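1. Provided below are the primary sequence and the corresponding predicted coordinates.
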Amino acid sequence: MPLQLSNIAQSITPSATLGLNAIVAELKKQGEDVISLGVGEPDFDTPVHIRKAAKEAIDAGKTRYTDAKGIPELRAAIAEHIYAHKALRYSPDEIIVSSGAKQAIVLALQAIVNPGDEVILPSPYWISYTEMIKIAGGTPVIITTDPETDFLPTPEQLEAAVTERTKAIIINSPNNPTGNIWPRTLLAAACELARKYDFFIVSDEIYEDLCYDGYSQLSPAQISDDAKQRTILVSGFSKAYAMTGWRMGYASGPLFAIKAMGSIQSHMTGNPNSCVVDMAHSFARRRTLLLFLLAQNALRPGVMPKGAFYMLLDVRPYLGKKCDGEVIDSDGKFAELLLKKSFVAVIPGTPFGACGFVRMSYAVSDIQITEAVRRIKNFVNGLE
């Protein structure tokens, strides 16, 4: 009998984002002038005081194993940070530091999901969520939303998705890829359903500091004491502090869940890496520039983003058209041909649950945003 991979390994779909980044890197290596709007990281450097502190820590020999849940002093500082920003009180024992927010979400799902459990996932969603749920042995239950509701689910849709096998819901606000923010009323409805049917809430709040137009991020844990006791709050330093390569994230939540996550992490990575610039204004200005240029060129955003640094572009009007004889039959084909013909990289919306759209990141310079829109406009104008 030939050697075989596990069922879980065979069910996992490779990341569309990482795959596209590899293509972009190869094109740049060949000397092509590629503008990548697919990147999910700030184009700023890590703040000087953070880099300085890291260098001092290395020189002081702080490069060895730490507590599996993270350095106690760091967990205490995170607890203070959460209280100062959200008025939520967690003890250091109710916090775990991980190798990025991504790992924190994986740990949370592995700690609470059993084979056969269902996890509710409103779309559009970050492409890794579905695979994370599968890795934990669970089944994603997708709620389809549309631009008419700003890609937000209704309370009725949320309740209709609940079954006797529901174990959790994943909420991502501000959202990747839409940039939208869940309002208090919708969060309250989700929390009430979690109480009524007794399931967890995994709240991905990695973009919490990147909100615009007077909007602010609200955690489900802030809705009620019951919601706090069933919410695993995930965040990190990568987006707001331009520390994507540092791989530092954290989660806070009920003690029994955090302890379980710590036990799992102790056997996976041992411990996290042992080593805010206010960028929101810059991202808000870039968002305004991108929206202006899109409108000026009759290109349609999917929804007005209120946070993060992503925007959906509606490419449904171009489906069925041809580019040099090739039919654009999907958002994936649109992204492929746009990169091939105009050297602009965007991410297909389908892997995010946003069919007919592509995701653009405005974590790039004004010059790149302006040139990218010009190229996109020329590309669609040339379609047959």
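-> Structure's in. What do you need? Numbers count the residues shown, from 1 in each chain.
2. okay, now the unreliable bits of the stretch 201-350 of the chain?
-> By pLDDT under 70, the weakly predicted segments of the stretch 201-350 of the chain are 238-247, 270-278.
3. now stretch 366-379: buried residues?
-> Q368, I369, E371, A372, V373, R375, I376, K377, F379 (16 or more other Cβ atoms under 10 Å). (Glycine included, C-beta is placed from N, CA and C.)
4. hang on, isn't the second one packed against R375?
-> No. In this structure, I369 sits apart from R375 without contact. The criterion is Cβ atoms under 8 Å, and the distance is 11.1 Å.
5. before we move on, the earlier item: tell me which of the buried residues of stretch 366-379 is nearest to L337?
-> F379 (7.7 Å; Cβ to Cβ).
6. so that closest one sits in a helix?
-> Yes. Assessed by DSSP: H, G, I helix; E, B strand; the rest coil, F379 belongs to a helix.
7. and the closest residue in space to it that isn't next to it in sequence, how many neighbours does it have?
-> Nearest non-adjacent residue to F379, counting by Cβ to Cβ, 6 or more residues apart in numbering: S342, 4.5 Å away. When neighbours are counted by other Cβ atoms under 10 Å, S342 registers 20.
8. just to revisit the earlier point, same list (the buried residues of stretch 366-379) but as TSV, adding secondary structure and pLDDT.
-> TSV is the format used below for these (DSSP: H, G, I helix; E, B strand; the rest coil; pLDDT from 0 to 100):
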residue	secondary structure	pLDDT
Q368	helix	95
I369	helix	95
E371	helix	97
A372	helix	96
V373	helix	97
R375	helix	97
I376	helix	97
K377	helix	97
F379	helix	96
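9. would JSON lines of those with distance to A188 be doable?
-> Listed next are the buried residues of stretch 366-379 as JSON lines, based on distance: Cβ to Cβ, whole Å:
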{"residue": "Q368", "distance to A188": "40"}
{"residue": "I369", "distance to A188": "36"}
{"residue": "E371", "distance to A188": "43"}
{"residue": "A372", "distance to A188": "39"}
{"residue": "V373", "distance to A188": "38"}
{"residue": "R375", "distance to A188": "43"}
{"residue": "I376", "distance to A188": "39"}
{"residue": "K377", "distance to A188": "42"}
{"residue": "F379", "distance to A188": "43"}
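10. any idea which of those is closest to L20?
-> Here the nearest of these to L20, counting by Cβ to Cβ, is A372; it sits at 14.5 Å.
11. distance of the closest residue to that closest one other than its chain neighbours relative to Q368?
-> Residue nearest to A372 in three dimensions, not counting chain neighbours: I35, with 4.5 Å by Cβ to Cβ, 6+ apart. With the distance defined as Cβ to Cβ, to the nearest Å, I35 ends up 5 Å from Q368.
12. same question, H267
-> Relative to Q368, H267 is positioned 43 Å away (Cβ to Cβ).
13. got the contact list for the strand or helix carrying H81?
-> Element membership for H81, per DSSP states H and E: helix 72-86. Helix 72-86 has contacts (Cβ atoms under 8 Å, 6 or more residues apart in numbering) with 69, 88-97, 208, 219, 221-222, 233, 250, 252.
14. and that helix, average pLDDT?
-> Mean per-residue pLDDT for helix 72-86: 91.
15. need the contact partners of the helix or strand that that helix is followed by.
-> On the C-terminal side of helix 72-86, the closest following helix or strand by DSSP H and E is strand 95-98. With Cβ under 8 Å, 6+ apart as the test, strand 95-98 has contacts from 69-71, 74-75, 78-79, 104, 107, 248-252, 258, 261-262, 265, 269, 272.
16. same question for strand 95-98, mean pLDDT?
-> On average, the pLDDT along strand 95-98 is 92.
17. just to revisit the earlier point, surely the residue nearest to F379 is in contact with R375?
-> Yes. Using Cβ under 8 Å, S342 is in contact with R375, at 4.3 Å.
18. what segments of the chain are helices?
-> Listed in chain order, the helices of the chain (DSSP state H) span 7-11, 16-29, 48-59, 72-86, 101-112, 128-135, 155-161, 184-197, 225-230, 255-268, 280-296, 331-342, 366-381.
19. what sits up against the second one?
-> Residues from elsewhere that reach helix 16-29 (Cβ under 8 Å, 6+ apart): 34, 36, 38-40, 127, 335, 339, 343, 345, 347-348, 351.
20. sweet, I'm off.
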